[in-house]
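Enquirer: Have a look; sequence and predicted model below, questions after that.
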Amino acid sequence: MLQIAVIIALLTTILSILVKVVGFPDQIRKNFQRKSTEGVSTSFYILSFLVYVLWTIHGFFEKDWVVILGQGLGIITTGAIVYQIIIYRKKK
């Protein structure tokens, strides 16, 4: 049973990193190319940003650098998309 838990933990870590270094940057690039965030869920990215901020703060309280670094990366990527949402929607 311990092996399954290790496998699940490893897969969770790998996929979480892929979302933050492949998925979100891909969305950032598409938004930048189009100069638009049309079709992007504002509430999803704002909530995601807030969740990453809270998890990072939690990591600081727990002195857990894995959480701090992983969730901090989420702050950067979702923060960039939230920034794009604000900038590109003002141009309309």
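Expert: That came through, no problem. Numbers count the residues shown, from 1 in each chain.

Enquirer: Quick check, W65 in contact with G72.
Expert: No: using C-beta atoms under 8 Å, W65 makes no contact with G72, being 9.7 Å away. Heads up, the C-betas are built off the backbone N, CA and C, glycines and all.

Enquirer: quick one: which of these two has more around it?
Expert: The residue with more neighbours, out of W65 and G72, is G72; 17 against 11, by other C-beta atoms under 10 Å.

Enquirer: gap between that one and G79?
Expert: Distance, G72 to G79, using C-beta to C-beta, to the nearest Å: 10 Å.

Enquirer: Can you pull up the most central residue in the protein?
Expert: Nearest to the mean C-alpha position of the chain, by C-alpha atoms, centre = their mean, lies G74 at 3.2 Å.

Enquirer: now whichever strand or helix holds that one: mean pLDDT?
Expert: Using DSSP states H and E, G74 sits in helix 65-90. Here helix 65-90 scores 92 as its mean pLDDT.

Enquirer: List the buried residues for that helix?
Expert: Residues of helix 65-90 classed as buried by neighbour count (16 or more other C-beta atoms under 10 Å): 67-68, 70-75, 77-82, 84-85, 88.

Enquirer: do stretch 2-12 as well
Expert: Within stretch 2-12, no residue counts as buried by 16+ other C-beta under 10 Å.

Enquirer: again with stretch 41-49
Expert: Residues of stretch 41-49 classed as buried by neighbour count (16+ other C-beta under 10 Å): 45, 48-49.

Enquirer: And the closest residue to T42 other than its chain neighbours, how far from D26?
Expert: Computed as C-beta to C-beta, 6 or more residues apart in numbering, the closest residue to T42 that is not its neighbour in sequence is I85, at 5.5 Å. Noted for I85: a distance of 16 Å to D26, by C-beta to C-beta.
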